[in-house]
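Colleague: How does the following fold in three dimensions:
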Amino acid sequence: EAATDLASAKEHAKQARQQLEDQARLNVNRSEATSQKEDIQSARLSETLKVIAKAEAATDLASAKEHAKQARQQLEDQARLNVNRSEATSQKEDIQSARLSETLKVIAKAEAATDLA
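Modeller: The predicted model follows:
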């Protein structure tokens, strides 16, 4: 009986050791699988962040282009307004000069008529 009990105990110990080794391998495999899964998730996240960064850069560029376009349009509009003002001022000055010239002619005629009288 003692020999049988010893053989039985050895068999149980052997099975327990085998189960522990199997469990340890399973844990290692799970750990490696989890690590690989985390690596894949990290790589996906990194790629997603790169895509987002590119999209943000493109959006920033488009926004900057739009702002530059608007600023250019405003400057062109201001330049046209300045030209129009300058032309209007020039025309106003031409009209004033013509009026002054006519006034001077009238004064000269009046002076000539006064001199004759």
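Colleague: Listing request: residues of this structure with sub-threshold pLDDT.
Modeller: Low-confidence segments of the chain, defined by pLDDT under 70: 117.
Colleague: Helix, strand, or coil at the residue minimising distance to the centre of it?
Modeller: Centre of the chain computed as the mean C-alpha position; nearest residue by CA atoms, centre = their mean is Asp60, 1.8 Å away. In three-state terms, and counting by DSSP: H, G, I helix; E, B strand; the rest coil, Asp60 is helix.
Colleague: Quick check: the gap between it and Lys14.
Modeller: Separation of Asp60 from Lys14 (CB to CB, to the nearest Å) stands at 68 Å. From N, CA and C alone the C-beta is placed, and that goes for glycine too.
Colleague: Repeat that for Ser42.
Modeller: Ser42 is 42 Å from Lys14, by CB to CB.
Colleague: next one: Ala110
Modeller: In this view, Ala110 and Lys14 are 141 Å apart by CB to CB.
Colleague: Also Asp94?
Modeller: Taken as CB to CB, the span from Asp94 to Lys14 is 118 Å.
Colleague: Perfect, I'm done here.
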